[in-house]
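This is a predicted model, with the sequence first.
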Amino acid sequence: MTAVLERPAPVQPAGPSARARRLARRVAGPWTYAGLIAILAGSAFPVYWSFVVSSQTPDAIDSVPPVLVPGGHLFANIARVFDTTDFALALMNSIIVSGTVTISVVLFSTLAGFAFAKMKFRGRNVLLLLIIATQAIPTELGIIPLYMMMSEFGWAGEIHAVIVPGLVTAFGVFFMRQYFERAIPDELLEAGRMDGCHSLRLFWHVALPAARPAAAVLGLFTFMQAWNDFFWPLVVLVPENPTVQTALSTLASGYTTDYTLVLTAATIGTVPVLLVFLLFGRQIVGGIMSGAVKG
């Protein structure tokens, strides 16, 4: 008898189906990239135009058509900024305030978020509800009593008055609580407790490494909010002890405004934010990759 050889069934390649690939190509078409490029250009243009104006002479702001190419007066304008106002002190104050507030918010919010998410104690839900409810109170309602409190402490005019009210935020606590609720299984913590780990050690060795991506995001948002804060520093600080935002307000005040000077100072004040954004962006990616589960 002649053996009949059956043709083996074709092996289906692993990966997405042909329909999924066609859908992906349709979604990521040329119009999608064109839209993304347009959004990127629209977002970056104000920063670029500020840099262009800061490198020109003061009369360039009124040029028709507007100047779109950088000039050669950037360093002269930077020198004028530091000669007109104590911008070095403003930069130092903003760095101290933003850095201290960011570290404090990330630390305390991570501790509180871990406690609300993974520890059982009486009144936990009530306390969390009260913390969330504070976000519904407008900031302006607390300005007068907060200023009176800072005056009683003798901190009016000092950067302590800007730092202390922002050492912890309700948003940070709620944000980290929601992350811990989903990121760390209860079984992992119970296994650690059976091995003799107390709560602080569990937080330091288990919860904190897992919270790096969320902590990096919270740190980025907190730094940007503290750096851009204007109203409270304007109320509690004196012109001789400014932050970057209050120094910009001083440069923009007066009968006539030198927009070249103002935009030069704004460009200088943008550089630390961009550096922090790049630093935290790397931390976010590194945290996600190190915490990924390999299948």
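Yes, it's here.

any low-confidence regions in this protein?
Per-residue confidence for the chain (pLDDT under 70) gives these ranges: 1-29, 283-295.

how many neighbours does residue 62 have?
A count of nearby residues for residue 62, using other CB atoms under 10 Å, gives 9. No exception for glycine: its C-beta is placed from N, CA and C like everyone else's.

brain fart, residue 184
Close neighbours of residue 184, defined as other CB under 10 Å, add up to 18.

What does it show for phi and psi?
The phi and psi values for residue 184, taken as degrees, to the nearest 10, are phi -120, psi 120.

My read is that it contacts residue 208, right?
No - contact criterion CB atoms under 8 Å: residue 184 and residue 208 do not qualify, at 10.5 Å.

Go through stretch 138-152 and flag the buried ones.
Within stretch 138-152, the residues scored as buried using 16 or more other CB atoms under 10 Å are 146, 147, 150.

Sticking with the last one, tell me its helix or strand.
In other words, residue 150. Under the criterion of DSSP states H and E, residue 150 resides in helix 143-153.

Quick one: distance of that helix to the chain centre.
With CA atoms, centre = their mean, to the nearest Å as the basis, helix 143-153 stands 28 Å off its chain's centre.

helices or strands next to that helix in the packing?
Packed against helix 143-153, as judged by 3 or more CB pairs under 8 Å, 6 or more residues apart in numbering; DSSP states H and E, are the following elements: helix 160-163, helix 231-236.

quick one, which of the ones you listed is nearest to residue 30?
Closest approach to residue 30 among the helices and strands packed on helix 143-153 is made by helix 231-236 (44.5 Å; CB to CB).

Tell me how far the closest one lies from the chain's centre.
Put simply, helix 231-236 sits 21 Å off its chain's centre (CA atoms, centre = their mean).

just stretch 45-52 next, same as before
Offset of stretch 45-52 from its chain centre (CA atoms, centre = their mean): 21 Å.

residues of it that come out buried?
Within stretch 45-52, the residues that count as buried by 16+ other CB under 10 Å are 50, 51, 52.

hmm, who's touching that stretch?
Stretch 45-52 has contacts (CB atoms under 8 Å, 6 or more residues apart in numbering) with 67, 68, 69, 70, 71, 74, 263, 266, 267, 270.
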